[in-house]
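Asks: model this:
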Amino acid sequence: MKLSLKVVPVAPWYDRHNKFGWLGDIKMNKPELKAEAILYYAEHPYDFVVDILEATPTFQQKQVLDIIIPALKENKGIAVKSGHGVGKTALESWIIIWFMVTRPNAKMPCTAPTRENLFDVLWSELAKWHNKSNFDKAFEWTKTHYYNRKYSETWFATARTSNKPENMQGFHGEHLVFIVDEASGVDAPILEAIEGSQTQKGSLIIYLGNPTQISGGFYDAFNTKRRFYYTFTFSSEDSPLVKKEYYEKIAAKYGKDSDIYRVRVLGLFPKAEPDTLIPLDRCEKAGMRELDRPDIARYDDVEIGVDVARFGDDETMIYSRIADVIEEEASLRKRDLMTVAGEVVKVARKFEGKNITVNVDDSGLGGGVTDRLRELVKQGIFNATIVGVNNGSKANESDKYINKGAEMWFFMREKIQELKIPNDNDLIAQLSTRKYSINSAGKHVVESKEHMKSRGLVSPDRADAAILALHSLIYSTDREGLFAVA
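Replies: Numbering: from 1, shown residues only. This next block holds a predicted model:
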């Protein structure tokens, strides 16, 4: 305990709560934490984190902790855009505990675009710091709430997903803080509801997240609404918490000038270059989209996309799609064609009894997998419709697209706005880094894999396999003529 100074009340609401009377309700495990100390820490969140939580904030985290009191006094919000790994979740947890301990009847709605972000990441991090804090006599952590044991109805933090504006409405009070994790993925109506709650002085909005979207409330906080926020940009390159190998790997795979590097390392908004085929913000949103996992029993059709690796460093990828949800089923490297065919059969058997369509990239080595799967279907080993897809063949709209491969990629460009895809760095990067052009005949041409590799990018095997899982949505499939087995 480092505090060794006499402290006097520094804010008018202290006296309105009977001097230190309300502080007596906080039964501390640490007897040296007297009421006067709490009043000091109410104005010094950084010291609270260091002295009481015994944490060591980075210089980036300290910047946010130091600006909280000015933001509260000036009725301004705080917006932090960052690369990965800079410690924003720990920072959020420290702020929650600090505010709950130092403010009577504090209310702290916390939200994120997905249950995973909210409960598996933020709320579990809060549990860790609560367990270390020795405040368990005063506060209780549950899977959805963090509250004062004596005043649970009026003094709490709560975790609520941001899928409905009404989840963020109805919160009022003298001490009100909203924490929005991965704020770039939260829809504008939700953030508007949060901003509408800031009716009293002493309330605060804190946005944190990777800057994936170039529109919406989080983007506006750094642009058109910047005067209402203290804004920060935290680069992974500058954080002592991030190993150099992490961002060197991203740079090697996608280039330092790529949007992936800008967003996930530098903490900058994507450039959204005009020749990028699928904008990064669409891909990121599809990865964070909160859709219930499909109930397989409700659906008759399952589609499987298979992209077969051509070279040693490439991947053979298998994805399934039910309704609007795409899921990764397998990732294989340096496997022979028979092994790949066996893995496809294994995946298909998960969906036994359904109308299964397996779409295989039929060019190159994929042709061997297609032939083997058709043999297995004929032999009755498993039931499926096997479709060999030739990306170089004629497109349905041949006046617009150079070939079928280009047509399928442009279909994904629009369809991804409805899909839920795996929140996988490599898949999202591959979908968002491919470029396109328009040839002299006015047709759309997708960048070749050879040209992508010349830019230092990997082959988009994951993206191609995911797109193959959409094949039947673009092209009709004659099940009886394609080796289906009844």
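
Asks: Any idea which residue is closest to the centre of the chain?
Replies: residue 288 (4.7 Å; CA atoms, centre = their mean).

Asks: pretty sure it is touching residue 183, no?
Replies: No. Residue 288 is beyond contact range of residue 183, at 11.2 Å (criterion: CB atoms under 8 Å). Quick note: C-beta positions are derived from backbone N, CA and C, even for glycine.

Asks: The nearest residue to the residue nearest to the centre of the chain once chain neighbours are set aside - how many residues pack around it?
Replies: Nearest non-adjacent residue to residue 288, counting by CB to CB, 6 or more residues apart in numbering: residue 185, 4.3 Å away. Neighbourhood size, residue 185 [other CB atoms under 10 Å]: 26.

Asks: Between its first and last residues, how far does stretch 128-141 reach?
Replies: The first and final residues of stretch 128-141 sit 10 Å from each other (CA to CA, to the nearest Å).

Asks: Spell out the residue ranges of the helices in the stretch 301-450 of the chain.
Replies: 337-349, 366-378, 404-415, 425-433, 449-454 (DSSP state H, counting those that start in this stretch).

Asks: what comes into contact with the helix or strand following the shortest one?
Replies: This points to helix 449-454. Scanning forward in sequence from helix 449-454 by DSSP states H and E, the next helix or strand is helix 461-468. Helix 461-468 has contacts (CB atoms under 8 Å, 6 or more residues apart in numbering) with 305-307, 309, 314-319, 326, 328, 331, 359-361, 389, 408-409, 411-412, 421, 424, 426-427, 430-431, 434.

Asks: now do stretch 328-337
Replies: Outside stretch 328-337, the residues touching it (CB under 8 Å, 6+ apart) are 304, 308-309, 312-320, 339-340, 343, 346-347, 350, 365, 368-369, 372, 422, 424, 427, 462.

Asks: And that stretch, what's buried?
Replies: 328-331, 335, 337 (16 or more other CB atoms under 10 Å).

Asks: what do you get for stretch 396-403?
Replies: Buried-residue list, stretch 396-403, by 16+ other CB under 10 Å: 401-403.

Asks: go on, stretch 303-312?
Replies: Neighbour counts over stretch 303-312 (16+ other CB under 10 Å) mark 303-310 as buried.

Asks: try stretch 455-467
Replies: 457-467.

Asks: and those as TSV, adding pLDDT?
Replies: What follows is those, written out as TSV (pLDDT from 0 to 100):
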residue	pLDDT
457	81
458	83
459	87
460	92
461	93
462	95
463	96
464	96
465	96
466	97
467	97
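
Asks: which of these lies closest to residue 133?
Replies: The closest of those to residue 133 turns out to be residue 462 (CB to CB; 41.4 Å).

Asks: Excluding chain neighbours, give the residue nearest to the closest one in space.
Replies: Closest to residue 462 by CB to CB, 6+ apart is residue 427, at 4.4 Å.

Asks: same thing with residue 459?
Replies: residue 314 is the one closest to residue 459 (CB to CB, 6+ apart), at 4.8 Å.

Asks: Name all residues that make contact with the one you found.
Replies: Contacts of residue 314 by CB under 8 Å, 6+ apart are 333, 458-459, 461.

Asks: Then residue 284?
Replies: Neighbours of residue 284 in contact, by CB under 8 Å, 6+ apart: 184-185, 210, 212-213, 263, 428.

Asks: what's the domain layout of the chain?
Replies: 12-238, 284-474 (automatic domain parsing).

Asks: With distance to residue 251 as extra columns, can I get those domains in CSV?
Replies: Shown next, in CSV, are the domains of the chain (distance: least, CB to CB, whole Å):
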stretch, distance to residue 251
domain 12-238, 10
domain 284-474, 9
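
Asks: rank those by pLDDT, which is bottom?
Replies: In terms of mean pLDDT, the lowest-scoring of the domains of the chain is domain 12-238 (a mean of 84).

Asks: how far is it from where the chain is centred?
Replies: Taking CA atoms, centre = their mean, to the nearest Å, one finds the center of domain 12-238 at 20 Å from the center of the full chain.

Asks: and what of stretch 457-471?
Replies: The answer for stretch 457-471 is 20 Å, by CA atoms, centre = their mean.

Asks: Could I get the CA-only coordinates of it as CSV?
Replies: Below are the C-alpha coordinates for stretch 457-471, written out as CSV (Å, rounded to 0.1, in the frame of the first residue of the first chain):
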residue,chain,number,x,y,z
LEU,A,457,0.6,-12.9,-50.2
VAL,A,458,-0.3,-16.5,-49.7
SER,A,459,-2.7,-18.4,-51.9
PRO,A,460,-6.3,-17.6,-50.9
ASP,A,461,-7.1,-21.3,-50.2
ARG,A,462,-9.4,-20.6,-47.3
ALA,A,463,-11.3,-17.9,-49.1
ASP,A,464,-11.7,-20.1,-52.2
ALA,A,465,-13.0,-23.0,-50.2
ALA,A,466,-15.5,-20.8,-48.3
ILE,A,467,-16.7,-19.4,-51.6
LEU,A,468,-17.2,-22.9,-53.0
ALA,A,469,-19.6,-23.6,-50.2
LEU,A,470,-21.9,-21.0,-51.8
HIS,A,471,-21.8,-22.6,-55.3
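
Asks: Run through the bridge partners of residue 159.
Replies: residue 110 (DSSP bridges).

Asks: I'd like to know how far residue 405 sits from residue 474.
Replies: Using CB to CB, to the nearest Å, residue 405 is found at 12 Å from residue 474.

Asks: quick one: which of those two has more around it?
Replies: residue 405 (22 against 17).

Asks: so that one makes contact with residue 394?
Replies: No. Between residue 405 and residue 394 there is no contact under CB under 8 Å: 11.0 Å.

Asks: mind pulling up the phi and psi values for residue 108?
Replies: phi -140, psi 90 (degrees, to the nearest 10).

Asks: Next, the contact list for it, please.
Replies: Neighbouring residues of residue 108 by CB under 8 Å, 6+ apart: 96, 99-100, 146, 156-158, 176-179.

Asks: Restrict stretch 260-278 to CA atoms and write it as CSV.
Replies: These are the backbone C-alpha positions of stretch 260-278, laid out as CSV (Å, rounded to 0.1, in the frame of the first residue of the first chain):
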residue,chain,number,x,y,z
ILE,A,260,-4.7,-6.3,-42.3
TYR,A,261,-1.5,-4.8,-41.0
ARG,A,262,-3.0,-1.4,-40.6
VAL,A,263,-6.0,-2.7,-38.5
ARG,A,264,-4.5,-5.6,-36.6
VAL,A,265,-1.1,-4.1,-35.9
LEU,A,266,-1.0,-0.3,-36.3
GLY,A,267,-4.6,0.2,-34.9
LEU,A,268,-5.5,2.3,-38.0
PHE,A,269,-8.7,2.3,-40.0
PRO,A,270,-8.4,0.4,-43.3
LYS,A,271,-7.7,2.4,-46.4
ALA,A,272,-10.3,0.5,-48.4
GLU,A,273,-8.5,0.9,-51.7
PRO,A,274,-10.8,1.1,-54.7
ASP,A,275,-9.5,-2.0,-56.4
THR,A,276,-10.0,-4.3,-53.3
LEU,A,277,-12.6,-6.8,-54.3
ILE,A,278,-14.2,-7.5,-50.8
